[in-house]
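Peer 1: Take this sequence and fold it.
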Amino acid sequence: MKMCTWRVLTGLALSAMALSGAGCASIHPPAGVVPFQRVLHTTAYCKCGQCCGWRRTWYGRPVYATGPMKGKPKAVGITASGTKARRGTIAADTGRYPFGTVMQVEGYGFGRVEDRGGSIQGDRIDLFFGSHAEALRWGRRSIPVLIWYPPPR
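Peer 2: Numbering: from 1, shown residues only. Next up is the predicted model:
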């Protein structure tokens, strides 16, 4: 009986998470900081080579596929800020949205700027998804985003 109850509750919890479209549940806006809203151009990415510009060498080591780091070892799934990419990770132009900026993206949930990319400039952000198929489903969207800059240190 307890096993059946646990399965039902687990199924309900997973269904609720899937329906909510929540980003990372551990990401919250900073207290006392007033957000502002802006319409941003969003795209999506995952940790695959097609999304992140890496390839495997003939012996299986991941390396950068293009750019000034071409052929150098690549730590797959690690962001520019040094964290592990996960649901809720956002790549942005860090000149405009510094690391630690919290965003609430309509249809995605909360996320934090922890990554950057060569083609991500201005009011464009890239949202991390766990699979390439999810990233493709998101596609490109221009949507309202609430933004909380990190408090000054």
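
Peer 1: Provide the partner residues of the nearest residue to residue 49 once chain neighbours are set aside in its beta bridges.
Peer 2: Leaving aside its chain neighbours, residue 49 sits nearest to residue 55 (5.3 Å; criterion: CB to CB, 6 or more residues apart in numbering). Placement of C-beta: from N, CA and C, glycine included. Residue 55 forms beta bridges with residue 63, as assigned by DSSP bridges.

Peer 1: Residue 55 and residue 70 touch, don't they?
Peer 2: No: taking CB atoms under 8 Å as the definition, residue 55 is not a contact partner of residue 70, at 9.8 Å.

Peer 1: Looking at the two, which is more packed in?
Peer 2: The residue with more neighbours, out of residue 55 and residue 70, is residue 55; 15 against 11, by other CB atoms under 10 Å.

Peer 1: Could you list which residues are in contact with the more buried one?
Peer 2: By CB atoms under 8 Å, 6 or more residues apart in numbering, the residues touching residue 55 are 49, 62, 63, 65.

Peer 1: Over to residue 79?
Peer 2: 85, 89, 91, 114, 115.

Peer 1: Give the other helices and strands that whichever helix or strand the third one is part of contacts.
Peer 2: Per DSSP states H and E, residue 91 falls inside strand 89-92. Identification of packing neighbours for strand 89-92 by 3 or more CB pairs under 8 Å, 6 or more residues apart in numbering; DSSP states H and E yields strand 109-115, strand 124-128.

Peer 1: Which positions within the strand of greatest length in the chain qualify as buried?
Peer 2: Longest strand in the chain, counting residues (DSSP state E): strand 36-45. For strand 36-45, burial by neighbour count (16 or more other CB atoms under 10 Å) applies to 40, 42, 43, 44, 45.

Peer 1: what do you get for stretch 65-74?
Peer 2: Neighbour-count burial for stretch 65-74 [16+ other CB under 10 Å]: 65, 74.
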